[in-house]
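Student: Need a 3D model of the sequence below.
(2 chains)
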Amino acid sequence: MDIKDIIKPENLVYKKTSLMQDKALSYCPGCGHGTAHRLLMEVIDELGIREDTIGVAPVGCSVLAYDFMDIDMQGAAHGRAPAVATGIKRCWEDKYVFTYQGDGDLAAIGTAETIHACNRGENITIIFINNGIYGMTGGQMAPTTLDGMRTSTSPYGRELGSMGHPIKMTELIAQLPGVHYVARHSVHTPRAVRRTKKAMFKAFEVQKERKGLSFIEIVSNCNSGWKMTPVKSNEWMEENMFLYFEPGDIKVDGKLVEKKKIK
Amino acid sequence: MAKVRGAIVVDIEACKGCEICMVTCPNQVIGMAKEVNGKGYHYAYMENPEGCVGCANCAIVCPDGVITVYKVKLKQENEKTR
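Tutor: Reported below is the predicted structural model:
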């Protein structure tokens, strides 16, 4: 059978969702942001809530998320996305509101906004991309940088004594009673992508039922910041990041779950 | 003869040559072209098109969403003779 006979509209099995703009993404080759963007748009597309969804873009690599996602978006000051999302949600209670934040935005400058939005149990969804580094500004050390990890501001590796410990934002906010669903996943393999997509469906479901805040952390790579090839950086992420940031559900239906290791 | 045949179409100008699809493919179908696209990246292409089964694993991990996947089910030859 010739390839031309296979490539026909009736044989189509997978195509980029129409909610992603045709504009080329501004991310580095192999960056997990692109996959996370597309996944989020696929979920919104499949739920059929495009007209009722408002996203809040952060400051960081994904600051231009509103250029790539073909839905209603709002920019926020650095770290203040949960505060802006709170305002939007309180004005339009029947809209779906999500924020899309990196670790510099959510775990560093926006810690207060994040924790208090979670504590108030705002009915929003937070997507948190954690790559352990400040990618946009040139690979400086972030609060989530691992022990001994080399960055441009910790050239001899992060030293816990003077620089503190990597912060587990997801576990931290899972303790708060206002938070209904918390999970940590990744987007580097087809299996992980499918799990993340399932988690996103659940997060929007929680929002629909007005049960509280849903929070998904996506452990991602930053191959430019880590100074590795994309494939190498995904391997490094599995070997190092996953030991500290273990993937899996952390809080389901408002109850903390016993740790189950998944790969 | 394989029961299922697939094919991928890569948006050559949008591909950034990160090679994530190449290592994800279970049948080693995808390779990186020797030529480069307008941005100077070696783009992905079907190096071994016979092996593709249209599983779409490459497309769902592609960060830039440049891969479109097609799949057909083939009728087995012995089925026809029966």
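
Student: which bits of chain B sit near chain A?
Tutor: B:5-7, B:9, B:14, B:16-20, B:22-24, B:41, B:46, B:49, B:54, B:56-57, B:59-72, B:74 (C-beta under 8 Å from any C-beta of the partner chain). C-betas here are computed from N, CA, C, even on glycine.

Student: any chance you could read off phi and psi for B:Pro63?
Tutor: Phi and psi for B:Pro63, reported as degrees, to the nearest 10, are phi -60, psi -30.

Student: Could you measure from it over to B:Cys18?
Tutor: Per C-beta to C-beta, to the nearest Å, B:Pro63 is found 7 Å from B:Cys18.

Student: what sits in contact with each of those two?
Tutor: A:Pro29, A:Gly30 (C-beta atoms under 8 Å, 6 or more residues apart in numbering or on different chains).

Student: And the average pLDDT for stretch A:95-112 is what?
Tutor: The pLDDT scores in stretch A:95-112 average 94.

Student: Please save the CA atoms from it in CSV.
Tutor: Taking Å, rounded to 0.1, in the frame of the first residue of the first chain, the C-alpha atoms of stretch A:95-112 are listed here in CSV:
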residue,chain,number,x,y,z
LYS,A,95,-17.0,30.3,33.7
TYR,A,96,-14.1,28.0,33.9
VAL,A,97,-11.0,29.8,35.0
PHE,A,98,-7.5,28.4,35.0
THR,A,99,-4.0,29.8,35.6
TYR,A,100,-0.9,28.5,33.8
GLN,A,101,2.2,29.2,35.8
GLY,A,102,5.9,28.2,36.0
ASP,A,103,7.9,27.6,39.1
GLY,A,104,9.4,31.1,39.2
ASP,A,105,6.0,32.6,39.0
LEU,A,106,4.1,30.3,41.3
ALA,A,107,6.7,29.1,43.8
ALA,A,108,8.9,32.2,44.1
ILE,A,109,7.3,35.6,43.6
GLY,A,110,3.7,34.4,43.8
THR,A,111,3.9,32.1,46.8
ALA,A,112,1.6,34.3,48.9
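
Student: Sort out which residues of that stretch are buried, please.
Tutor: Buried residues in stretch A:95-112, counted by 16 or more other C-beta atoms under 10 Å in any protein chain shown: A:96-110.

Student: Can you report phi and psi for the residue nearest to A:Ala65 when sequence neighbours are not counted?
Tutor: Distance criterion C-beta to C-beta, 6 or more residues apart in numbering or on different chains; nearest residue to A:Ala65, sequence neighbours excluded, is A:Ala57 at 4.2 Å. Main-chain dihedrals, A:Ala57, degrees, to the nearest 10: phi -90, psi 150.

Student: Same question for B:Ala56.
Tutor: The phi/psi pair for B:Ala56 (degrees, to the nearest 10) is phi 70, psi 10.
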